[in-house]
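S.K.: Build the 3D model from these lines:
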Amino acid sequence: MSKGNNGFSEAGLRKLREVLARHVESKKIPGLVALVSRGEETHVEALGTMRHDGGAPMRRDTIFRMASTTKPVAAAAAVALLDDCRLRLDDPIDAWLPELADRQVLKRPDSPLDDTVPARRPITVRDLLTSTCGLGLDMTATGSPMMSAYFERKIYGENGWLLPAVDPDEWMRRLGSLPLMHQPGERWLYNVSDDLLGVLVARVTGQPFEAFLRERIFDPLGMKDTAFHVPADKIDRLPPLYAPDPQTGEFTIEDPAEGGRHSTPPAFPSGGGGLDSTADDYHAYFRMLLNHGKHGTERILSRPAVELMTTNRLTPEQLAAREGWARNVVHLSYGQGQHGGWGFGMAVRTYRGDYAPVGQFGWDGGAGTTTYADPHHQLVGILLTQTGMSTPDSARVIHDFWTTLYQAVDD
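M.R.: Numbers count the residues shown, from 1 in each chain. Presented below is the predicted three-dimensional model:
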């Protein structure tokens, strides 16, 4: 039989494995875990090794640093609070995040920090969920006073993404010392909104961000290996994170497993990029979204909330600005994540720019990860590597993964 019931063709899955194996055999990608599912059929490939110099093989339960693929999962905590009527989309955030009340806004994104006008309105919950709060990492203006201030005031590390080892209250104090780059609701900007959502959830609920995520999302979905750090009894399942040298391709360890950044609980759990997880855990989450918020017979999120999360929320003007940004970010300019819109914490395809159809939703991560679901084909694809985006190699395997996965849909 050539294919399962609404599944994949055997020839297509063979080609998928061959293409992934070619990347591992090239020695550019030490190892990977890929999971693809459609209908009742799930197929997993674990190829290569945990370390670039051999050793233990990759396994289905290997734990990876999800980096920015954290965003689609972490956003669900705030969405659960919308369902509970503990948050409302157009409520100002001032009551919970007073550090961001009464903002000044730069006259231009590259203005000096004191060249400002008052914000026309408060930041709302909706602005945080759609990444339009006026604060973000603008990769088109890396030398601007605002971007420099993020690093000088230790709001982000000098690599642009990692949070410093300070608690959320201190981070909020630092962030509150800066103006906004754009008026609230005006323009899509990356990452800061997602970290703010974690602080918002913790303050609204009175419990740690991770504890609320565990109670409402992780435990009900059986995501037993998903957390903001990897405990000692699982650390052997976490590979080192490599950042290959852009000139020589030599494997340098960006973050070791034992004693690394993910081996102890962080001072600030990052909704923008802090989760560690497995292919099966992420599959449970994205399959829940495809099932309109249900996991088996249990409802995790309401159907209308999931529809809000997974459809485009940006205006045409905001879409144009996001496209410009995507062309300047290394792992996107290699071909993923830049085909249109944004929902809550994730990209949503608004036009057909590659093999994936309109409506596909998910996101990619700078540590070499990609996670998307496709309602049209009822398909989930997850590819996890331990190779960061300092070279194009992990972006290329991600690109080839999606190209071959869609060929395996052979109805």
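S.K.: helix or strand for Arg22, which one?
M.R.: For Arg22, the enclosing helix or strand under DSSP states H and E is helix 10-25.
S.K.: what does that helix contact?
M.R.: For helix 10-25, the external contacting residues (CB atoms under 8 Å, 6 or more residues apart in numbering) are 1-3, 29-32, 34, 36, 43, 45, 47-48, 383, 393, 396-397, 400-401, 403-405, 407-410. Glycine gets a C-beta too; all of them are placed from N, C-alpha and C.
S.K.: Only the buried subset of those, as a ChimeraX command please.
M.R.: This is how ChimeraX selects the buried members of the contacts of helix 10-25, with burial counted by 16 or more other CB atoms under 10 Å:
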select :3,29,30,31,32,34,36,43,45,47,48,383,393,396,397,400,401,403,404,405,407,408,409
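S.K.: Would you map the helices across the stretch 101-250 of the chain?
M.R.: Along the stretch 101-250 of the chain, counting by DSSP state H, counting those that start in this stretch, helices occupy 125-129, 145-152, 168-176, 192-205, 209-213, 219-221.
S.K.: Can you give me the buried ones in the third one?
M.R.: Yep, that's helix 168-176 we're talking about. Within helix 168-176, the residues scored as buried using 16+ other CB under 10 Å are 168, 171-172, 174-175.
S.K.: next one: the longest one
M.R.: Burial within helix 192-205, assessed by neighbour count using 16+ other CB under 10 Å, is assigned to 192-205.
S.K.: Now the element after the helix holding Arg22, going C-ward?
M.R.: Per DSSP H and E, helix 10-25 leads on to strand 31-38 as the next helix or strand towards the C-terminus.
S.K.: Looking at the buried residues of helix 168-176, which one is closest to Glu210?
M.R.: Nearest to Glu210, judged by CB to CB, of the buried residues of helix 168-176 is Pro168 at 11.8 Å.
S.K.: residues contacting that closest one?
M.R.: Pro168 neighbours (CB under 8 Å, 6+ apart): 198-199, 202, 268.
S.K.: What pLDDT does the model give it?
M.R.: If you check Pro168, the pLDDT there is 96.
S.K.: One more: Ala408?
M.R.: According to the prediction, Ala408 has pLDDT 97.
S.K.: what does the one 3 residues further on give?
M.R.: Here the pLDDT value assigned to Asp411 is 85.
S.K.: how deep is Gln104 tucked in, by neighbour count?
M.R.: By the criterion of other CB atoms under 10 Å, Gln104 has 15 neighbours.
S.K.: what's across from it in the sheet?
M.R.: Here Gln104 sits in beta bridges with Pro118, going by DSSP bridges.
S.K.: That one and Lys154: what is the separation?
M.R.: 21 Å (CB to CB, to the nearest Å).
S.K.: Next, the angle strand 31-38 makes with the helix holding Arg22.
M.R.: Counting by axes from the mean of the first three to the mean of the last three CA atoms, to 10 degrees, helix 10-25 lies at 160 degrees to strand 31-38.
S.K.: rounded to a whole number, what's the mean pLDDT of helix 10-25?
M.R.: Averaged across helix 10-25, the pLDDT comes to 98.
S.K.: buried sites along that helix?
M.R.: 12-13, 15-16, 19-20, 23-24.
S.K.: do you know which of the helices of the stretch 101-250 of the chain lies nearest Thr70?
M.R.: Nearest to Thr70, of all those, is helix 192-205, at 7.6 Å by CB to CB.
S.K.: that older thread, from the contacts of helix 10-25, which ones fall inside strands?
M.R.: 31-32, 34, 36, 43, 45, 47-48, 383 (DSSP state E).
S.K.: Which single one of those is nearest to Ala95?
M.R.: For the ones in strands among the contacts of helix 10-25, the closest approach to Ala95 (CB to CB) belongs to Leu383, at 40.7 Å.
S.K.: in the sheet, who's paired with the closest one?
M.R.: Following DSSP bridges, Leu383 is listed with bridge partners Ala34, Thr370.
S.K.: Could I get the pLDDT score of the nearest residue to Gly136 once chain neighbours are set aside?
M.R.: Of all residues not flanking Gly136 in the chain, Leu189 sits nearest, at 2.3 Å (CB to CB, 6 or more residues apart in numbering). pLDDT for Leu189: 92.
S.K.: residue contacts, Leu189?
M.R.: 131-138, 181-182, 325.
S.K.: cutoff 10 Å now
M.R.: 109, 131-139, 180-182, 318, 321-322, 325 (CB atoms under 10 Å, 6 or more residues apart in numbering).
S.K.: Contact partners for the spatially most central residue of the chain?
M.R.: The residue lying closest to the centre of the chain (CA atoms, centre = their mean) is Thr69, at 2.4 Å. Thr69 makes contact with 273, 275, 277, 282, 346, 362-372, 382, 384 under the criterion CB under 10 Å, 6+ apart.
S.K.: again, 6 Å this time
M.R.: Neighbouring residues of Thr69 by CB atoms under 6 Å, 6 or more residues apart in numbering: 363, 365, 369, 371.
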